[in-house]
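**Q** model the structure of this input:
(one chain, ligands or ions: 1)
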Amino acid sequence: MGILNKVHCDNALFFLKRLSDNSIDLVITSPPYFQQRDYGYGGIGNEATEEEYINNLVLIFNECLRVVKPTGAMVFNLGDKYSNGNLLLIPYKFALKVLEEKKVFLINQLTWAKANPTPRQEHRKLIQSTEPFFIFAKAKDYCFKLGEYLSHLDRKNKKMENSSSKIGEKYFEIINQSNLTTEEKENAKRELEKVIIEVKLGKMESFRMKIRGIHKDAYGGMEGGRNNQIRRNGFTIIKITGSAMKKDLIESPVEITKGNKHTAVYPLYIIQELVKLLSNNGDTVLDPFCGSGTTCIAAKNLGRNYVGIEINPEYVLLSQKRIKEADYCEEFFL
Ligand SMILES: C[S@@+](CC[C@H](N)C(=O)[O-])C[C@H]1O[C@@H](n2cnc3c(N)ncnc32)[C@H](O)[C@@H]1O
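**A** Modelled structure (predicted):
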């Protein structure tokens, strides 16, 4: 395809109409928010009514859906807006509208928690510091590589757990000091030795042990079974796989990139994580509202192809410059 690894100066709707069905692996984008800014060149965002805006957005969404492969996903990040003191819930109205048509399903609403929201504190409102990233899939066998997502947090966990060569040794002392019966103590030590070996063999990352009379009861749900084990055997062992919990919340500062004249840049860190989660090496990632090229940079950094579409020629030049100078974004976590 001659369109790969380029940012094209065009109206997204017209450009998308020229693409073949099922030719793109992943779409990640952030359309202009409703009546927020005028990016010029007759782009979307400044329609007179919400309905008009959402309809225009849905037209582009439906084209994205057509060009995405059955294994693909479409990620749409949208911000909200107040009108007469009332939050309009535009992102959710858009999501409901595309779901109504029943051609996609919503895998997740990933919430971006802004570590540094605009500190504009109104007296009778809280500061808005989150935005949704809707992750839609075209079919059930969508590409989803959970192990790749936030994998730097897994590596950090591993490092922390393996840093102690005496892993689990403290529990022998605790068992000895506990008021378990002699038989329970022997049993507990035998099981403890087994899990220590499993950790040393790398079969699991780590474990925790809870001992009757020493540790607090576990709480609720699945943990109910653990409390029974503690009561019955005097102890329980909680195995830890070492993977960080992959939640529908991601924290990242608002991108402040020196020399980037675009006013609405989303965080490269989040986009890179989404590219890792939802695509494979060599896949093609498309952004119909390319702006300063963040999606393209993430794709390039991770060995994917990219297709950017941007209506404003100044931003096309800006994105081309940023893509050329791109570097992998250092991991971000607090
Ligand atoms: C919110 S910005 C995207 C910013 C981008 N995510 C980044 O990190 O730089 C939306 C962009 O969509 C562009 N745009 C608006 N309507 C468009 C259309 N119909 N076709 C293509 N681009 C459009 C605007 O010029 C603007 O640069």
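**Q** can you check the pLDDT for the residue lying closest to residue 115 once chain neighbours are set aside?
**A** Nearest residue to residue 115, sequence neighbours excluded (CB to CB, 6 or more residues apart in numbering): residue 253, at 4.3 Å. Where you see a C-beta, it was placed from the backbone N, CA and C, and this is true even at glycine. For residue 253, the pLDDT comes out at 87.
**Q** thought residue 253 was touching residue 117?
**A** No: Residue 253 is not in contact with residue 117 according to CB atoms under 8 Å; the separation is 9.2 Å.
**Q** burial measure for residue 120, as a count.
**A** A count of nearby residues for residue 120, using other CB atoms under 10 Å, gives 8.
**Q** a strand runs through residue 295, doesn't it?
**A** No: assigned with DSSP: H, G, I helix; E, B strand; the rest coil, residue 295 falls outside any strand and is helix.
**Q** relative to the ligand, how far out is it?
**A** 6 Å (CB to the nearest ligand atom, to the nearest Å).
**Q** what is the burial count for the residue nearest to residue 115?
**A** Quick note: residue 253 (other CB under 10 Å) scores 13 neighbours.
**Q** ramachandran coordinates for it?
**A** Per-residue torsions, residue 253: phi -70, psi 160 (degrees, to the nearest 10).
**Q** in which helix or strand does the residue nearest in space to the middle of the chain reside?
**A** Using CA atoms, centre = their mean, the residue of the chain that lies closest to the mean C-alpha position is residue 274, 5.3 Å off. Per DSSP states H and E: residue 274 is located in helix 268-278.
**Q** show the subsequent helix or strand relative to that helix.
**A** Heading C-terminal from helix 268-278 (DSSP H and E), you reach strand 284-287.
**Q** contacts (any at all) between the ligand and that next one?
**A** No: counting by CB under 6 Å from any ligand atom, the ligand has no neighbours in strand 284-287; the shortest distance is 6.8 Å.
**Q** any idea which element residue 139 lies in?
**A** Residue-wise, residue 139 maps onto no helix or strand under DSSP H and E.
**Q** where does pLDDT dip in the stretch 201-334 of the chain?
**A** The model of the stretch 201-334 of the chain has pLDDT under 70 over residues 217-224, 242, 256-259, 327-334.
**Q** mind doing that once more with 50?
**A** Across the stretch 201-334 of the chain, the ranges flagged by pLDDT under 50 are 221-222, 332-334.
**Q** how about the strands in it?
**A** 206-211, 235-240, 249-252, 284-287, 305-310 (DSSP state E, counting those that start in this stretch).
**Q** to residue 134, which of those lies closest?
**A** Residue 134 lies closest, by CB to CB, to one member of the strands of the stretch 201-334 of the chain: strand 249-252, at 13.6 Å.
**Q** for the closest one, list every residue counted as buried.
**A** For strand 249-252, burial by neighbour count (16 or more other CB atoms under 10 Å) applies to 250, 251, 252.
**Q** can you tell me, leaving aside adjacent residues, what's nearest to residue 129?
**A** Nearest to residue 129 is residue 117, by CB to CB, 6+ apart, at 3.8 Å.
**Q** thinking again about what came up before, show me the contacts for the residue nearest to the centre of the chain.
**A** By CB atoms under 8 Å, 6 or more residues apart in numbering, the contact list for residue 274 reads 28, 75, 110, 133, 135, 298.
**Q** let me know the closest of those to the ligand.
**A** residue 28 (8.5 Å; CB to the nearest ligand atom).
**Q** residue contacts, residue 64?
**A** Residue 64 neighbours (CB under 8 Å, 6+ apart): 16, 24, 27, 29, 74, 286, 288.
**Q** tally of neighbours for the fourth one?
**A** Residue neighbour count, defined by other CB under 10 Å, stands at 26 for residue 29.
**Q** isn't it right up against residue 73?
**A** No: proximity of residue 29 to residue 73 does not meet the contact threshold set by CB under 8 Å, at 11.7 Å.
**Q** give me the neighbour count for the closest residue to the ligand within the stretch 151-300 of the chain.
**A** Of all residues in the stretch 151-300 of the chain, residue 291 sits closest to the ligand, at 2.4 Å by CB to the nearest ligand atom. If you count neighbours by other CB under 10 Å, residue 291 ends up with 28.
**Q** state the distance from the nearest residue to it once chain neighbours are set aside to residue 272.
**A** Spatial nearest neighbour of residue 291, excluding adjacent residues (CB to CB, 6+ apart): residue 262 at 5.1 Å. Computed as CB to CB, to the nearest Å, the residue 262 to residue 272 distance reads 18 Å.
**Q** before we move on, the earlier item: any idea how far residue 21 is from the residue of the stretch 151-300 of the chain closest to the ligand?
**A** 26 Å.
**Q** likewise residue 128?
**A** Note on residue 128: its distance to residue 21, by CB to CB, is 38 Å.
**Q** more neighbours: which of those two?
**A** For residue 128 versus residue 21, neighbours defined as other CB under 10 Å are more numerous around residue 128 (16 against 10).
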